[in-house]
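Colleague: Any chance you can model this:
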Amino acid sequence: MLPKKKQSRARTRCRRSHHAKTPANYAECPRCNKPKLPHAACDNCGYIRPGLSLNVEKEK
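Modeller: Now for the predicted structure:
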């Protein structure tokens, strides 16, 4: 089934106004205070939660 009439650009763009992407939320690492993704290890220090951290090597 095809549309009966062409939909205007304004109507199309109004419909797509809610499709915009939202930026990712960042949390502050409690150990080094750098921004990190929530529920993920810190890229800077490797901290995950108390008693658990990863060894992170620095790139040279």
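Colleague: Please count neighbours and contacts with C-alpha atoms only from this point.
Modeller: Fine.
Colleague: mind checking pLDDT for the most centrally placed residue in the chain?
Modeller: Of all residues in the chain, the one closest to the mean position by Cα atoms, centre = their mean is residue 24, 2.4 Å from it. At residue 24 the predicted local confidence, pLDDT, stands at 89.
Colleague: Could I get the full set of helices for the protein?
Modeller: Per DSSP state H, the chain has helices spanning 9-15. These are given in chain order.
Colleague: and the gap between residue 52 and residue 21?
Modeller: Note on residue 52: its distance to residue 21, by Cα to Cα, to the nearest Å, is 33 Å.
Colleague: sorry, back to before: which residue, neighbours along the chain excluded, lies closest to the residue nearest to the centre of the chain?
Modeller: The shortest distance from residue 24 to any residue that is not its chain neighbour, by Cα to Cα, 6 or more residues apart in numbering, is 7.9 Å, and that residue is residue 37.
Colleague: more crowded one of residue 52 and residue 21?
Modeller: When residue 52 is set against residue 21 and neighbours are counted by other Cα atoms under 10 Å, the residue ahead is residue 52, at 9 against 6.
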